[in-house]
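Enquirer: Sequence plus the predicted model coming up.
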Amino acid sequence: MRSWGRRIAAALAIVGAVGCGPAAAAGPQVLFLSSFHKDLPAQREFERGLETVLGRGSANGILFEFLDSPRVPAGDAAEGMAALIERKYRSVPLSAVIAWGRPAAEFAATARGRLGRPPTLFVEIADDVAAAVVDRSAGDLVYAGQANYGQSLVEALRLSGPERLVVIGDGTVPTAAVRQAGFKDAVAALGIGLPVEYLVERPLEEVLDRVAQLPPKTMIFYLLSFSDGRGTPMTPYEVAQRISARANAPMFSAWASLMGSGVVGGHVLSIEAAGEDVGAALRALAAGQPVSAPRSAMRLVYDWPQLRRWGWDEASLPPGSAIVNRPPSAWEIYRWEMSLVAASMAALGSLAGFLARAVRSRDAALAALAVERASLAERVTVRTDELARSNAELQQFVYAVSHDLRQPLTAISAYITLIQRALGPTADAEVGHHLAFVGAGAKRMNAMIGGLLDYSRVGHSGRSTQAVDLGVVVAEALDNLQPTIAECGALVTVADGLPTVAGDDLELMRLFQNLIGNAIKYVAPGLRPEVAVDWVAEGEAVRITVADNGIGIAADQRERVFGVFQRLVTQDEYAGTGLGLALCRKIAEHHGGRIRIEDNPGGGSVFAVELPRGAG
Ligand code: ADP
């Protein structure tokens, strides 16, 4: 046994090397002799079992030969094939042989001497075959003897509860008779007492017709068919599929490899389980460990589509049952899609959360803003009221002061007149001069106070706004200025069609009278004043200009002159109060317009007044 282990170890050491025929492989190897064809589902099952234990690709270290006995005619052909295999492996140092099925087992036993007498692991052979081929002294072992029909039958009867049995199989291959005999023994041993009909050695068409019209509560048991009744070779899977497709009763069997071919399943022989056991034995031996006794390879396996077809649910199966061919769940099929959807939903959820938070904080901000706006509006209203009140108070104050100042001034003027009259023409010339000076001062102060009163009254006349023809306004201003114009011989030209604006005609008249009056006044001595009043429409506004040929105003003084009491000349040069332009600006602004001084390329000044057209 120990030398056998060393040989297996050497064989497994080369597992993974690409199988390229016995001549190319170095050292002892394992020969797998299959009675069947390499494409048979059961073959793949066996290999899967081996791989489960030895790892994937382990088959590369094992040399496969397929006798394909159900299809290769017995006699010369089979013997020729055996001879071929013998010759092929005669000089190959085999560490072990796996023989699956009766033909392979019988060949392995016959050729043992010529293959170097390797120990053999037999799989799925009946007891009588084992008795003939197993050599315990050579280390032979038997894995998965023939299927246990008794166990299979018990479970099938339990699940389907039939009143009659139909058994289907063939009779042409050597093992068929063995299977039928074994099955009959099992029926007898169980003493089931049901009518049993054997549909064997019949043409497939006949079998198919029969299974389509079985009486109710019939159960079919399938004992494998490697040919139909006429001897035409077939695979047991193909036959099973065709029977199941036509049958009106559930079909059971004893081999797990038929799962997916139309059998319900049950307690069945699993070649995959046998493969696992053989793999474990090879491994234990390679490690120099004792090989445990081969276990039964019978397993509880069910086919999901067939359970559904005959209406049996999983709860009716024995514990530990395996269900195969179950369609993948929606989760398994759409796992990636569902994960993606879940991830997207999670992302959308966070986004929604984020948006909800954003909306909440925006709402909070808007609410705060609304509160702020309300309080701002309230404050603006309060401030506006305060401003209006203080403005009104200021107007009142200016008016009161101006008015009250006039009384002592009037008294001063009156007393000066009395004093001058009392002194008479004999008065001292110097005293007379001083008195005249005081009188002029009082007069000037009176004019200034009058100007202040006018200034404070702008916008408070109490007159309502009306359409004002500026042509009429300017004509009135010129009328008022007529004595002055005549005195200095001024030339005043006024453009035709001066526009109409909305406003207070008296205030506008005062505005233009001031401007034209200044234009006539502020000319160099000896020069004849020339004044031009012109206008132009500018969108919704009108622009009226008053240009003169006077002394002009320096660019950096053009804002200053609009201030109260601001003058650029002395009283001696040009008399005045310094209130005229301040009044003009206040009137222009009160009408929603503005006033400013522009360059006059020809010398002198240009005063431009912009007013909204307003009504009219
Ligand atoms: P007043 O004419 O009574 O002095 P104004 O407010 O009308 O007061 O004018 C302020 C100052 O602006 C004047 O003192 C003068 O220096 C200057 N000014 C006004 N109009 C003209 C003008 N057309 N040409 C030159 N200087 C002017």
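Expert: Alright, I've got the coordinates.

Enquirer: Just give me the neighbour total for the nearest residue to residue 599 once chain neighbours are set aside.
Expert: Residue nearest to residue 599 in three dimensions, not counting chain neighbours: residue 606, with 7.0 Å by Cβ to Cβ, 6 or more residues apart in numbering. For every residue, glycine as well, the C-beta is placed using N, CA and C. Here the number of neighbours of residue 606 (other Cβ atoms under 10 Å) works out to 20.

Enquirer: ok, now the one 5 residues further on?
Expert: Applying other Cβ under 10 Å, we find 25 other residues in the vicinity of residue 611.

Enquirer: Likewise for residue 395?
Expert: By other Cβ under 10 Å, 16 other residues sit near residue 395.

Enquirer: How about the contacts made by the residue nearest to residue 599?
Expert: 545-548, 597-600 (Cβ atoms under 8 Å, 6 or more residues apart in numbering).

Enquirer: rerun at 7 Å
Expert: 545, 547, 597-600 (Cβ atoms under 7 Å, 6 or more residues apart in numbering).

Enquirer: what about the closest residue to the ligand within the stretch 301-450 of the chain, distance to residue 226?
Expert: Here the residue of the stretch 301-450 of the chain nearest the ligand is residue 447; by Cβ to the nearest ligand atom that distance is 8.8 Å. According to Cβ to Cβ, to the nearest Å, residue 447 stands 141 Å off from residue 226.

Enquirer: The two - which one has more neighbours?
Expert: Taking neighbours as other Cβ under 10 Å, residue 447 and residue 226 compare with residue 226 leading, 19 against 14.

Enquirer: Can you name the residues that contact that one?
Expert: For residue 226, the contacting residues are 70, 170, 173, 233-234, 236, by Cβ under 7 Å, 6+ apart.

Enquirer: Could you rerun that using 10 Å?
Expert: Neighbouring residues of residue 226 by Cβ atoms under 10 Å, 6 or more residues apart in numbering: 36, 69-71, 169-170, 172-173, 175-176, 233-236, 239.

Enquirer: give me the number of residues near the closest residue to it other than its chain neighbours?
Expert: Leaving out its chain neighbours, the residue that sits closest to residue 226 by Cβ to Cβ, 6+ apart is residue 70, at 3.8 Å. Neighbour count for residue 70, taken as other Cβ under 10 Å: 23.

Enquirer: Wasn't residue 70 part of a helix?
Expert: No - read with DSSP: H, G, I helix; E, B strand; the rest coil, residue 70 is coil and lies in no helix.

Enquirer: doesn't residue 172 make contact with it?
Expert: Yes - at 9.3 Å, residue 70 counts as touching residue 172 under the criterion of Cβ atoms under 10 Å.

Enquirer: residues shared between the contacts of the two?
Expert: Listed as contacting both residue 70 and residue 172 by Cβ under 10 Å, 6+ apart are 225-227, 233.

Enquirer: Filter these down to the buried ones, PyMOL style.
Expert: In PyMOL, a selection of the buried entries from the shared contacts of residue 70 and residue 172 looks like this (16 or more other Cβ atoms under 10 Å):
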select buried, resi 225+226+227
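
Enquirer: can you put the shared contacts of residue 70 and residue 172 in JSON lines and add distance to residue 332?
Expert: Converted to JSON lines, the shared contacts of residue 70 and residue 172 look like this (distance: Cβ to Cβ, whole Å):
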{"residue": "225", "distance to residue 332": "35"}
{"residue": "226", "distance to residue 332": "36"}
{"residue": "227", "distance to residue 332": "39"}
{"residue": "233", "distance to residue 332": "38"}
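
Enquirer: Which ones among the shared contacts of residue 70 and residue 172 lie within helices?
Expert: Among those, no member falls in helices (DSSP state H).

Enquirer: Adding pLDDT and distance to the ligand, write the shared contacts of residue 70 and residue 172 out as CSV.
Expert: Below are the shared contacts of residue 70 and residue 172 laid out as CSV (pLDDT from 0 to 100; distance: Cβ to the nearest ligand atom, whole Å):
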residue, pLDDT, distance to the ligand
225, 88, 130
226, 82, 131
227, 79, 133
233, 78, 131
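
Enquirer: now the top helix by length along the chain: mean pLDDT?
Expert: Scanning the chain for the longest helix, with DSSP H as the assignment, gives helix 335-423. Averaged over helix 335-423, pLDDT sits at 80.

Enquirer: Tell me the helices and strands packed up against it.
Expert: For helix 335-423, the elements it packs on are helix 330-333, helix 429-457, judged by 3 or more Cβ pairs under 10 Å, 6 or more residues apart in numbering; DSSP states H and E.

Enquirer: buried set for stretch 281-298?
Expert: Neighbour-count burial for stretch 281-298, counted by 16+ other Cβ under 10 Å, picks out 281-286, 291, 294, 297-298.

Enquirer: Please identify the one among those residues that lies nearest to residue 561.
Expert: Comparing the buried residues of stretch 281-298 against residue 561 with Cβ to Cβ places residue 283 closest, at 116.0 Å.

Enquirer: Just confirm that closest one contacts residue 53, I think it does.
Expert: Yes - the pair residue 283 / residue 53 is scored as a contact, 6.1 Å apart, by Cβ under 10 Å.

Enquirer: Flag every residue of the stretch 451-600 of the chain that's near the ligand.
Expert: Residues of the stretch 451-600 of the chain found near the ligand (Cβ under 6 Å from any ligand atom) are 514, 518-519, 522, 548, 550-553, 561, 567-569, 576-582.
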